[in-house]
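Chemist: next one to model:
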Amino acid sequence: MGVYSKLGIRTMINAAGNGTAIGGSIMPPEVLLAMQEASRNFVDMSELLAKAGQRIAELAGVEACYITSGAAGGVLTAVAACMTGADWAKVHQLPNSAGMKHEVILQVTQRNFYELMVRQAGARLVEIGLANITYPWHLEAAINERTAAITHFVAYSPPQDLPLAEVIAIAHRRGVPVIVDAAAELPPFAVLRQYTDMGADLVIFSGGKGLRGPQSSGLILGRQKLIAACAMNGSPFHGVGRPAKVGKEEIIGLLTAVELFADPEYERRELAAWASRTGAFMAALADIPHLKVYAGQPRDLHGVAMGPGIVPVAVVEWDRQVIAMTQAEVAAALLQGEPGIWVALSRDGIAIGPHTLQPGEEQIVARRVREVLAQ
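Modeler: Residues are numbered from 1 along each chain as shown. Reported below is the predicted structural model:
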């Protein structure tokens, strides 16, 4: 019996994207082998974090990098670093932020679950803007002597937001650092430096989504002094970021995943495989007259967070006069069938992401979609 079947757990096909709740991603063999090798020895964890971070920073083309437990752990650690700087007394004082800069600004249009990480660090969240738009003067008015940082969540930023470039310009005129959560924006690899090139001070990425590293890993990239403060607040030290620790195996696994994607040819092959799966899936359903199957992008799917805009998503819609099923009913039928398949919902149908499918699974998904919708 397999490790999951021994526990009575059913394995699924993931066509919905790199969701943490459904397992993140499948690591490449190179990552697994590197992690296995890393598991055989003891090392100084501070030295490993520093040197692996330095190597990733060099590959990404940024000043510095700190490896953490994931993007959520990265938000917690980055916010703490902006409050404490390189002051050990403040590091050991958090989450009690009395007497230090402790306000973190967030546009109200970006409110999401991960703002909890800001508060967990000991910060006070300050919301700015209106329900449908943020103006520059909203941000200007909110900055004061208590402001520790401004956070920007890329995945939750609607078009009516104050643009990140303008946020950075206003913040830097007032000497305030900007933290960008870009958890699921990879690939392409060039995104690793995109936001720091814009001027962001700390930028956070998940290691277990598009990079296909260990799920419980993440990157904080940015300015050397703030990255040093991240390290002080994190493991193996004893700040509020200590619970966001990563093991030696995860550090080496994440570094290996970054090294793989740093090779343009590797990235090209990955993207080509995604496009091939999407094309094969769409071709397999092209003969069903009451289905509309077309290529889309995650950002066009009205709230579907399948991954970065580079993902060639397939969208399936159907004639409700022929198939009287809602999107949720179709998704449930696919999930409850054999094999069970996770899909995302679009505005008028379902969305299939190729980047979490294994080779050949696009044909299985197409067969199951046909069984459910070709009535």
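
Chemist: partner residues bridging the nearest residue in space to Leu334 that is not next to it in sequence?
Modeler: Using CB to CB, 6 or more residues apart in numbering and skipping the chain neighbours, the partner closest in space to Leu334 is Ile341 (4.4 Å). In this view, the C-beta of every residue, glycine as well, is placed from N, C-alpha and C. Here Ile341 sits in beta bridges with Ile13, as judged by DSSP bridges.

Chemist: could I get the contacting residues of Ile341?
Modeler: 12-15, 334-335, 364-365, 368 (CB atoms under 8 Å, 6 or more residues apart in numbering).

Chemist: other SSEs contacting the helix or strand where Leu192 lies?
Modeler: Assignment of secondary structure by DSSP states H and E places Leu192 within helix 191-198. For helix 191-198, the packing partners by 3 or more CB pairs under 8 Å, 6 or more residues apart in numbering; DSSP states H and E come out as helix 45-60, helix 164-173, strand 202-206, strand 218-222.

Chemist: rerun that using 10 Å as the cut-off
Modeler: On a contact count with 3 or more CB pairs under 10 Å, 6 or more residues apart in numbering; DSSP states H and E, helix 191-198 meets helix 45-60, helix 164-173, strand 178-181, strand 202-206, strand 218-222, helix 248-262.

Chemist: want to throw those into CSV with mean pLDDT, mean neighbour count and distance to Ala283?
Modeler: Shown next, in CSV, are those (pLDDT from 0 to 100; neighbours: other CB atoms under 10 Å; distance: least, CB to CB, whole Å):
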stretch, mean pLDDT, mean neighbour count, distance to Ala283
helix 45-60, 98, 18, 37
helix 164-173, 98, 17, 38
strand 178-181, 98, 28, 37
strand 202-206, 97, 30, 32
strand 218-222, 97, 29, 37
helix 248-262, 97, 23, 28
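
Chemist: quick one: closest of the ones you listed to Ala89.
Modeler: helix 45-60 (19.8 Å; CB to CB).

Chemist: the closest one: what's the following helix or strand?
Modeler: Next element after helix 45-60 (DSSP H and E): strand 64-68.

Chemist: ok now that next one, how far from the chain's centre?
Modeler: 15 Å (CA atoms, centre = their mean, to the nearest Å).

Chemist: check stretch 56-64 too.
Modeler: 19 Å.

Chemist: going forward, count from 865.
Modeler: From this message on, residue numbering opens at 865, which makes the last subject stretch 920-928.

Chemist: so which of the helices and strands packed on helix 1055-1062 gets nearest Pro892?
Modeler: Among the helices and strands packed on helix 1055-1062, if distance is taken as CB to CB, the winner is helix 1112-1126, at 6.5 Å.

Chemist: just the angle for that closest one relative to strand 928-932, thanks.
Modeler: With axes from the mean of the first three to the mean of the last three CA atoms, to 10 degrees applied, the angle from helix 1112-1126 to strand 928-932 works out at 130 degrees.

Chemist: C-alpha coordinates for helix 1112-1126, PDB please?
Modeler: C-alpha atoms of helix 1112-1126 as PDB (Å, rounded to 0.1, in the frame of the first residue of the first chain):
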ATOM      1  CA  LYS A1112      18.200  22.000   6.200                       C
ATOM      2  CA  GLU A1113      16.400  19.700   3.700                       C
ATOM      3  CA  GLU A1114      13.900  22.400   2.700                       C
ATOM      4  CA  ILE A1115      16.600  25.000   2.400                       C
ATOM      5  CA  ILE A1116      18.700  22.900   0.000                       C
ATOM      6  CA  GLY A1117      15.500  21.800  -1.800                       C
ATOM      7  CA  LEU A1118      14.400  25.400  -2.400                       C
ATOM      8  CA  LEU A1119      17.900  26.400  -3.500                       C
ATOM      9  CA  THR A1120      17.900  23.600  -6.000                       C
ATOM     10  CA  ALA A1121      14.500  24.600  -7.300                       C
ATOM     11  CA  VAL A1122      15.800  28.200  -7.800                       C
ATOM     12  CA  GLU A1123      18.900  26.900  -9.600                       C
ATOM     13  CA  LEU A1124      16.800  24.900 -11.900                       C
ATOM     14  CA  PHE A1125      14.500  27.800 -12.900                       C
ATOM     15  CA  ALA A1126      17.600  30.100 -13.300                       C
END
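
Chemist: tell me the helix or strand right after it.
Modeler: helix 1128-1148.

Chemist: buried residues in that next one?
Modeler: 1131, 1134-1135, 1138, 1141-1142, 1144-1146, 1148 (16 or more other CB atoms under 10 Å).

Chemist: and for stretch 891-904?
Modeler: 891-892, 895, 898-899, 902.

Chemist: among these, which two are most distant?
Modeler: Top of the distance list for these (CB to CB): Pro892 and Ala902, 15.2 Å.
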